[in-house]
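Colleague: Predicted structure and sequence below. I'll ask about it afterward.
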Amino acid sequence: MSLPVFPVVSPDNGVLRQVLSEAPELMVVSFRFETGAEGKRHSHPHVQSTYVSRGKFRFFRGKETYELSVGDSLVIPGNVMHGCECLEEGELIDCFTPRRDDFL
């Protein structure tokens with residue numbers, strides 16, 4: 001049995017997104033950023049975790065600001081405004097629960 005391969009899409013300038021795996025209860029997604037690219041501030045009902053696999057990022061979660069680098073992670077509760085700036089080219093591995101059907 002082969003696993004599905006999901007397309008790589010560019011939701012913003014300098015950002016590539018690819019779903020890695022999914023089920024109705026959980027989704028794992030790779031986001032690759034060029035230096036200076038932004039994940040625009042937004043909110044959604046899904047709980048999200050983000051893990052920095054490469055690079056350095058500044059995250060905004062509600063009124064809080066964090067600088068994260070390789071090995072760091074952050075949980076973002078549902079319906080909280082959040083976004084990020086890429087300080088050094090890198091990749092984030094994000095998990096969403098439930099699945100982000102808008103990414104399929």
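Modeller: Great, that's in hand.
Colleague: In terms of secondary structure, what does the helix or strand harbouring L87 contact?
Modeller: Applying DSSP states H and E as the criterion places L87 in strand 82-97. Contacts defined by 3 or more C-beta pairs under 8 Å, 6 or more residues apart in numbering; DSSP states H and E place strand 82-97 against strand 26-33, strand 38-42, strand 47-61. C-beta here means a position set from N, CA and C on the backbone, and glycine is covered the same way.
Colleague: now those strands as JSON lines including mean pLDDT, mean neighbour count and distance to F103?
Modeller: Output for the helices and strands packed on strand 82-97, formatted as JSON lines (pLDDT from 0 to 100; neighbours: other C-beta atoms under 10 Å; distance: least, C-beta to C-beta, whole Å):
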{"stretch": "strand 26-33", "mean pLDDT": "98", "mean neighbour count": "20", "distance to F103": "6"}
{"stretch": "strand 38-42", "mean pLDDT": "97", "mean neighbour count": "13", "distance to F103": "13"}
{"stretch": "strand 47-61", "mean pLDDT": "98", "mean neighbour count": "18", "distance to F103": "12"}
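Colleague: follow-up on the earlier one: partner strands of the strand holding L87, with direction?
Modeller: Here strand 82-97 has these sheet partners by DSSP bridges: strand 26-33 (antiparallel), strand 38-42 (antiparallel), strand 47-61 (antiparallel).
Colleague: Could you list every helix and strand in contact with the helix or strand following the longest one?
Modeller: Right, strand 47-61. From strand 47-61 onward toward the C-terminus, using DSSP H and E, the following helix or strand is strand 64-69. Using 3+ C-beta pairs under 8 Å, 6+ apart, the elements in contact with strand 64-69 are strand 47-61.
Colleague: Against S2, how distant is the residue positioned nearest the centre of the chain?
Modeller: Closest to where the C-alpha atoms of the chain average out (C-alpha atoms, centre = their mean) is D94, at 4.4 Å. Per C-beta to C-beta, to the nearest Å, D94 is found 24 Å from S2.
Colleague: re the thing from before, JSON lines for the helices and strands packed on strand 82-97, including distance to G71?
Modeller: As requested, these are exported to JSON lines (distance: least, C-beta to C-beta, whole Å):
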{"stretch": "strand 26-33", "distance to G71": "16"}
{"stretch": "strand 38-42", "distance to G71": "19"}
{"stretch": "strand 47-61", "distance to G71": "7"}
